[in-house]
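Participant: coordinates for the following, if possible.
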Amino acid sequence: ALRHRPAPDPDGRMPDPRTRAGMADLYAYAHLLAESKRRGPGRDVMSILLARQGDERLATEEFENMFWLFAVAGNETVRNGLPGAMIALLEHPEQMRRLRREPALFDTAVDELLRWWTPVMMFRRTASEDTTVAGVRIRAGDKVVVSFTSANRDERVFADADRLDLTRHPNPHLVFGHGPHFCLGAHLARCQVRALLEALLARTAGVEYAGAPAYLRSNFQRGVKRLPIRWRRR
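Facilitator: The predicted structure is shown next:
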């Protein structure tokens, strides 16, 4: 795979894989991975995706684009969800103290932290046919925006929707999408958020801001660029 990689710049940096300059690098790796998994398949997700299903088989180009989706969607969302969950607790210190006292609350806390922050704020889609949603007529070709942030604060679904309630259950948030578009990595994402916060709270006696957070300027990802904190060791 290294033979296919672009050369680093004078500072040793490789192209950003989220830009066009980095796409060739990412696709080359995906192409080589597909060849390797087809030669020696295992029980992993990539091998299953590449396996022939009856007369159908995922094309290499389809796999490359799906690999890009996995690489970006699975990393960007958790990378923004983790500091977002931390900000939620920093903004609600009484909830952080309660979570320290009652670690069993993590069973419901992770979903509530994700709902409160909502890492992916919106998607835009194009209507393929005429339809009506909530009394609004939508024609084929219209651009439709789905706001996950708004849905996760819907007062018809969530009581006191702006309040962070680590015991909230049920919690039908849409952080991971819905139906056939439900996130394949949802369980892993929950495990990652829980593992980091459990370890942090178990090893510290207190966590607080050490400066103001810096946020990503975006209407798509609710991202955090910097989150300075200080902690006291337990």
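
Participant: okay, CA-based contacts and neighbour counts for the rest of this
Facilitator: Noted.

Participant: please, which helix or strand holds residue 145?
Facilitator: Taking DSSP states H and E as the criterion, residue 145 maps to strand 143-147.

Participant: list of residues touching the next helix or strand after that strand?
Facilitator: Per DSSP H and E, the first helix or strand lying C-terminal to strand 143-147 is helix 148-151. Residues outside helix 148-151 that contact it (C-alpha atoms under 8 Å, 6 or more residues apart in numbering): 118, 120, 121, 122, 173, 174, 175.

Participant: make it 10 Å
Facilitator: For helix 148-151, the surrounding residues in contact (C-alpha atoms under 10 Å, 6 or more residues apart in numbering) are 115-123, 154, 157-158, 172-177, 222.

Participant: list the buried ones in that helix?
Facilitator: Neighbour-count burial for helix 148-151 flags 148, 149, 151 (criterion: 16 or more other C-alpha atoms under 10 Å).

Participant: dump those to JSON lines, plus pLDDT.
Facilitator: Below are these laid out as JSON lines (pLDDT from 0 to 100):
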{"residue": "148", "pLDDT": "96"}
{"residue": "149", "pLDDT": "96"}
{"residue": "151", "pLDDT": "97"}
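
Participant: from those residues, which is closest to residue 207?
Facilitator: Minimum distance to residue 207 across the buried residues of helix 148-151 is 26.6 Å, recorded for residue 149 (C-alpha to C-alpha).

Participant: elements contacting the helix or strand harbouring residue 65?
Facilitator: For residue 65, the enclosing helix or strand under DSSP H and E is helix 60-91. Packing partners of helix 60-91 (3 or more C-alpha pairs under 10 Å, 6 or more residues apart in numbering; DSSP states H and E): helix 20-39, helix 45-50, helix 93-101, helix 106-117, helix 186-203, strand 204-209, strand 224-226, strand 229-233.

Participant: pull the CA atoms of the last one into CSV?
Facilitator: It stands for strand 229-233. Taking Å, rounded to 0.1, in the frame of the first residue of the first chain, the C-alpha atoms of strand 229-233 are listed here in CSV:
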residue,chain,number,x,y,z
ILE,A,229,-9.8,21.1,30.4
ARG,A,230,-8.0,20.6,33.7
TRP,A,231,-8.6,17.7,36.1
ARG,A,232,-7.7,16.7,39.6
ARG,A,233,-6.3,13.2,40.1
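
Participant: by contact count, what packs against that strand?
Facilitator: helix 60-91, helix 186-203, strand 204-209.

Participant: mind listing what that strand pairs with, with the direction of each?
Facilitator: With DSSP bridges as the test, strand 229-233 is paired with strand 204-209 (antiparallel).
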